[in-house]
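>>> Sequence below, structure please.
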Amino acid sequence: MHAEERHQAILRRLRERGTLRVTEFAEEMQVSPVTIRRDVETLAELGLVVRVHGGAVLPETRAGATGTAPPAAARPQGGEVFGLIVPAADYYYPEVIKGAREAAGERGIRLVLGISQYSPEQEQTQARQMLADGIDGLLITPCDPAVAEPWLAGLAVPHVLVERRAGDDLPGAEQVVTDHAYGAGIAVRHLADGGYRRIGLMLRDDSPHGALVLDGYRGGLASAGLEPPAAALLRLPPPAGDTAERERLLTALADAAGEGRLDAVLIHNDHDAIMLLQRLRARGIDVPGDLAIVAYDDEVASLADIPLSAVAPPKHAVGAAAVDLLACRLADPGRARHRLSILPELHIRSSSTPDRT
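Just a heads-up that it's a prediction; the model follows:
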């Protein structure tokens with residue numbers, strides 16, 4: 001069973017029974033107690049459970065024991081329950097979840113989490129279950145917005161898209177997103193201001209934000225008076241995809257740097273930027289002297305052996321703003337609809353700041 005499936009099972013058990021014992025649940029799931037204990041630790045770091053001796057409880061259950069909040073079976077003061085469905089809880093979305101959880105807590109809203117594992121079928125099944133359980137509104141990051149739009153349009157409760165943009169079939173849908181084009185643009189302008197002129201782009205070909213990053217890259221080059229170098233755009237398969245093609249493209253980019261055809265690159269995402277960095281260093285290609293690197297996402301970029309400059313989407317703020325937007329919609333159904341775009345930041349580190357004098 002995948003880790004995220006176990007996380008879902010743990011949360012479901014806690015919603016049903018209020019408590020969970022690690023040893024009993026591990027035996028039921030046919031995994032080791034150490035595995036479940038690590039799952040509980042992960043969920044505790046997200047603020048979704050509270051660790052207790054031998055197990056876990058929901059945060060409102062633990063608070064209820066001190067008299068500061070009602071038991072898990074009851075709704076918190078304010079009465080609302082929001083569903084939140086995201087594709088994953090191990091990359092990018094943990095901070096979104098934290099932001100949403102904290103904003104919900106401040107408003108006395110109970111947040112119920114679903115993880116779709118990038119499956120549109122699971123996503124819709126989880127939404128149906130949440131609706132049957134009585135949520136008042138839904139926050140959702142659809143795996144495929146085009147697939148989700150028809151059933152989202154028919155929801156009986158208001159919803160907000162999180163890090164996804166509404167299509168033509170949802171003209172009135174509300175959304176909270178990162179301005180990824182802006183993020184890519186500031187990365188390119190930072191490299192251009194540092195004296196780099198042959199700036200490439202490597203995109204993960206399964207990224208839902210790839211088109212926006214590409215737009216920002218092109219806009220950043222244009223604003224700096226630069227043209228894309230030959231073969232500047234590389235689309236990298238995900239790690240679970242075509243391994244040979246991934247290796248070919250990473251090698252091609254390293255070759256371009258070694259031959260002077262590229263002197264800088266923006267890479268979406270951190271993992272691929274670190275993989276490239278390892279190949280460059282193995283070949284004696286200096287970073288940032290021969291090739292400057294800016295990563296996109298800033299999940300683990302600072303941990304590279306040469307800390308990577310990175311665009312940091314405002315993930316926590318996106319989660320919090322989505323809760324606030326949905327709460328305002330419930331309080332005032334007639335208010336003007338909002339589509340919020342929040343600007344990312346560029347965190348500059350060693351991989352893009354050489355002494356070029």
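>>> Only C-alpha atoms from now on, for both contacts and neighbour counts.
Noted.
>>> show me the contacts for the residue nearest to A148 when sequence neighbours are not counted.
In space, and not counting its chain neighbours, A148 is closest to P142: 6.4 Å by Cα to Cα, 6 or more residues apart in numbering. P142 is in contact with I85, V86, P87, P120, E123, A148, L161, R164, counting by Cα atoms under 8 Å, 6 or more residues apart in numbering.
>>> Out of those residues, list just those in helices.
Members of the contacts of P142 lying in helices (criterion: DSSP state H): P120, E123, A148.
>>> Return the residues in contact with the last one.
Taking Cα under 8 Å, 6+ apart, we find A148 in contact with P120, Q124, P142.
>>> Give me the three-state assignment for the residue nearest to the first one when sequence neighbours are not counted.
Closest residue in space to P120, ignoring its immediate chain neighbours: C143 at 5.9 Å, by Cα to Cα, 6+ apart. Taken by DSSP: H, G, I helix; E, B strand; the rest coil, the conformation at C143 corresponds to coil.
>>> Kindly report the same for P288.
Following three-state DSSP, the label given to P288 is coil.
>>> What pLDDT does the model give it?
At P288, the predicted lDDT confidence score is 96.
>>> rewinding a little: with E163 as the reference, measure out to the residue nearest to P120.
In this view, C143 and E163 are 11 Å apart by Cα to Cα, to the nearest Å.
>>> Which one of those two is surrounded by more residues?
Neighbours were counted for C143 and for E163 using other Cα atoms under 10 Å; E163 has more, 25 against 21.
>>> Thought T141 was touching that one, still the case?
Yes - counting by Cα atoms under 8 Å, T141 is a contact partner of E163 at 6.2 Å.
>>> Mind jotting down where the helices sit in the stretch 51-200 of the chain?
Using DSSP state H, counting those that start in this stretch, the helices found in the stretch 51-200 of the chain span residues 59-64, 93-106, 120-133, 145-153, 180-193.
>>> follow-up on the earlier one: separation between the residue nearest to A148 and D263?
Counting by Cα to Cα - P142 and D263 are separated by 37 Å.
>>> Residue ranges in this structure under the pLDDT threshold?
Low-confidence segments of the chain (pLDDT under 70): 1, 60-78, 168-171, 355-357.
>>> residues in contact with A3?
A3 sits next to D39 when contact means Cα under 8 Å, 6+ apart.
>>> at 10 Å instead, please
A9, T35, I36, R38, D39, A89, D90 (Cα atoms under 10 Å, 6 or more residues apart in numbering).
>>> nearest spatial neighbour of the one residue sitting closest to the centre of the chain, skipping sequence neighbours?
By Cα atoms, centre = their mean, the mean C-alpha position of the chain lies nearest to Y92, the distance being 2.7 Å. Nearest residue to Y92, sequence neighbours excluded (Cα to Cα, 6+ apart): E299, at 6.8 Å.
>>> got the ones in helices among the contacts of P142 as a markdown table, with distance to A44 columns?
Listed next are the ones in helices among the contacts of P142 as a markdown table, based on distance: Cα to Cα, whole Å:
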| residue | distance to A44 |
| --- | --- |
| P120 | 27 |
| E123 | 23 |
| A148 | 30 |
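>>> Among the residues you listed, find me the one that's closest to P238.
Closest approach to P238 among the ones in helices among the contacts of P142 (Cα to Cα): P120, at 18.8 Å.
>>> Double-check that closest one against P87; I have them as touching.
Yes - contact criterion Cα atoms under 10 Å: P120 and P87 qualify, at 9.3 Å.
>>> what do these two both touch?
P142, C143.
>>> Compare those two (neighbour count), which wins?
Remark: of P120 and P87, P87 carries more neighbours, 22 against 17, as counted by other Cα under 10 Å.
>>> State the distance from the more buried one to R17.
In terms of Cα to Cα, P87 sits 25 Å off from R17.
>>> all helices for the stretch 201-350 of the chain, in order.
For the stretch 201-350 of the chain, helices defined by DSSP H, counting those that start in this stretch occupy the ranges 210-223, 243-258, 270-282, 315-331.
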